[in-house]
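Participant: what follows is a predicted protein model with its sequence.
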Amino acid sequence: MPTRPQFEGPIRPLLKLTHITIDAQVAQLLRSDSPHSLELNLSQQLAQGWTRYFEWETLIAAGFAVVALVAVAGLRRQSHKMMAKTVVAGLVVVTAVNVGGILLTASSTPGVLRSVKTLDDLVGTDPVATVPPNVARPLPGVQAVVIGDSTAAAVGNPTAGNATALDKACGRSSESYAADLALVNNWNVLNLACSGATVQNGLLGVQVLGDGQVAPSQLVEAQRATRAKVIIVSVGADDVEWSIMTRLCVASAVCNDKVSAAFFSKEIGDFTRSYYQLLGDLAGLPGTPAVLVNQYYSPFGTNLGCLARYGITAAKEKVLAARLAQLNAVLAQGAQTFGFGVADPSFAGHELCTGNPYVQGPADPAPLHPTAAGELAIALADQQALPAVEKLVPAPSPSPSLSPGQE
């Protein structure tokens, strides 16, 4: 990546972006009231890194010089005293040449690097992509918006009688937790969730569905709700290919092999970057609606007897639970970093293989997805979390739910 500052001389720094992660230190800096510590650390690290490189380069050159000089002195059969003089003299020459070369070719570089205070000082800024204006009719009567994947759409549950073609393609159900929240609170809820949606393909960008339909960006559509007080987000499972991971686990002898672990690690890293981009966009929405992020429920309980014939063992369940916990940790940390709320739905006592499961089984239309009772449990978790996020004003007239096509 080309750098923005101009460096004199033939030797210049080369910026290379490799593996970028958002760790606890960065999250702490994002929450800090004073960003100057980040700016100071950046300039210091750049200058120190440049200086450290040449210090090591000089030491390595001196080391090779010592080996060569000792070999020459040995071939000449010099005395130990003369050999020491030869080595010292040679080191002085090598060091002087090395340092002189650095001064001649890159003397101004440390000072230039110390002047870099921000990343845009170093590499410049990227032109902001202009989002075309949303010409769709605004929906000022909507109190809450739900965006997300098949969990929020309630795929596998009954479809509403007045569902649009896009509602059906996305698997949106009249039994979704969005509909439950609408009914209990007397809200208009705009449910934009779509089965298979990821952050990039569905929430931030459009989503191409299997039947050729194109679902518009959920985030862009959400802005039609100009007076919405809260946005509820359920996303991440499709980003990390959770269904594929589960199927691979079922088909494999073990689930914690290094290949699948490396695959999941890459997926969770990619999702983290996309997720933080989404959170930043949500934080900048007009009207600053409150945001509530849903974590994922655990579909497996202690009793796995009904799943034995499908290849699920206690060891495999432990691996899947650990990876689900990783995903939930990313969701919670991101939400807390941006000051958003977090809901943690619990299906304890109602997992698969229990008498009243909240999860669809292997023979159901959408395995591992919530049943209508599971959607209600998610709605209850959201309802409990909402008072801490924002007090919503009831809708002036009752309307159980509002899908994108119902205006």
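Facilitator: That came through fine. Numbering: from 1, shown residues only.
Participant: if you count neighbours, what's buried in stretch 61-71?
Facilitator: Neighbour-count burial for stretch 61-71, counted by 16 or more other CB atoms under 10 Å, picks out Ala65, Leu69, Val70. Quick note: C-beta positions are derived from backbone N, CA and C, even for glycine.
Participant: dump those to CSV, plus pLDDT and secondary structure.
Facilitator: Output for the buried residues of stretch 61-71, formatted as CSV (pLDDT from 0 to 100; DSSP: H, G, I helix; E, B strand; the rest coil):
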residue, pLDDT, secondary structure
Ala65, 86, helix
Leu69, 85, helix
Val70, 87, helix
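Participant: what's the closest of those to Leu183?
Facilitator: Distance to Leu183 across these (CB to CB) is lowest for Ala65, with 81.1 Å.
Participant: from the buried residues of stretch 61-71, pick the one nearest Trp242.
Facilitator: When the buried residues of stretch 61-71 are compared for distance to Trp242 (CB to CB), Ala65 wins out at 57.2 Å.
Participant: now for the closest residue to the closest one other than its chain neighbours, how many residues are close by?
Facilitator: Among residues not flanking Ala65 along the chain, Val94 sits closest, at 4.3 Å (CB to CB, 6 or more residues apart in numbering). Val94 is flanked by 19 other residues according to other CB atoms under 10 Å.
Participant: quick one: contacts for Val94?
Facilitator: Ala61, Ala62, Ala65 (CB atoms under 8 Å, 6 or more residues apart in numbering).
Participant: so the second one is in which element?
Facilitator: It refers to Ala62. Applying DSSP states H and E as the criterion places Ala62 in helix 36-75.
Participant: buried stuff in the next helix or strand after that helix?
Facilitator: Where DSSP H and E defines the elements, the next helix or strand beyond helix 36-75 is helix 80-106. The neighbour-count check on helix 80-106 (16+ other CB under 10 Å) flags Met83, Thr86, Val87, Gly90, Leu91, Val94, Asn98, Ile102, Ala106 as buried.
Participant: likewise for stretch 261-278?
Facilitator: For stretch 261-278, by 16+ other CB under 10 Å, it's Phe263, Phe264, Glu267, Ile268, Phe271, Thr272, Ser274, Tyr275, Tyr276, Leu278.
Participant: would CSV of those with secondary structure and pLDDT be doable?
Facilitator: Shown next, in CSV, are these (DSSP: H, G, I helix; E, B strand; the rest coil; pLDDT from 0 to 100):
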residue, secondary structure, pLDDT
Phe263, helix, 89
Phe264, helix, 91
Glu267, helix, 94
Ile268, helix, 95
Phe271, helix, 96
Thr272, helix, 96
Ser274, helix, 96
Tyr275, helix, 97
Tyr276, helix, 96
Leu278, helix, 97
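Participant: what confidence value was assigned to Asp257?
Facilitator: pLDDT for Asp257: 83.
Participant: repeat for Leu15
Facilitator: 70.
Participant: okay, now it: neighbour count?
Facilitator: Neighbours of Leu15 (other CB under 10 Å): 12.
Participant: so which strand or helix has it?
Facilitator: Going by DSSP H and E, Leu15 is not in any helix or strand.
Participant: test my guess that it contacts Val123.
Facilitator: Yes: between Leu15 and Val123 there is a contact under CB atoms under 8 Å: 6.6 Å.
Participant: phi first, then psi, for the residue nearest to Gly311 when sequence neighbours are not counted.
Facilitator: In space, and not counting its chain neighbours, Gly311 is closest to Val250: 4.5 Å by CB to CB, 6+ apart. Main-chain dihedrals, Val250, degrees, to the nearest 10: phi -60, psi -40.
Participant: use 16 as the first number from now on
Facilitator: Okay, residue one is now 16; in that scheme the one you just asked about reads as Val265.
Participant: neighbours of Thr261, how many?
Facilitator: By other CB under 10 Å, 20 other residues sit near Thr261.
Participant: in what helix or strand does it lie?
Facilitator: Thr261 belongs to helix 257-266, assigned by DSSP H and E.
Participant: returning to what we had before: between the buried residues of stretch 76-86, which is nearest Pro360?
Facilitator: Looking across these and measuring by CB to CB, the closest to Pro360 is Ala80, at 66.5 Å.
Participant: got a list of what the closest one touches?
Facilitator: Gly105, Leu106, Val109 are the contacts of Ala80 under CB under 8 Å, 6+ apart.
Participant: cool, and Asn172?
Facilitator: Asn172 neighbours (CB under 8 Å, 6+ apart): Ser188, Ser189, Glu190, Ser191, Pro385, Thr386, Ala387, Glu390.
Participant: just the ones in strands from those, please.
Facilitator: Residues of the contacts of Asn172 located in strands (DSSP state E): none.
Participant: among those, which one lies nearest to Glu70?
Facilitator: Once CB to CB is applied, the member of those that ends up nearest Glu70 is Pro385, at 58.7 Å.
Participant: so can I have a markdown table of the contacts of Asn172 showing pLDDT?
Facilitator: Output for the contacts of Asn172, formatted as a markdown table (pLDDT from 0 to 100):
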| residue | pLDDT |
| --- | --- |
| Ser188 | 96 |
| Ser189 | 95 |
| Glu190 | 96 |
| Ser191 | 97 |
| Pro385 | 97 |
| Thr386 | 97 |
| Ala387 | 97 |
| Glu390 | 98 |
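Participant: strands of this structure, residue ranges please.
Facilitator: 159-163, 204-206, 222-223, 229-230, 245-249, 305-309, 356-358.
Participant: read off the pLDDT value for the closest residue to Val161 other than its chain neighbours.
Facilitator: In space, and not counting its chain neighbours, Val161 is closest to Ala193: 4.2 Å by CB to CB, 6+ apart. We have a pLDDT of 97 for Ala193.
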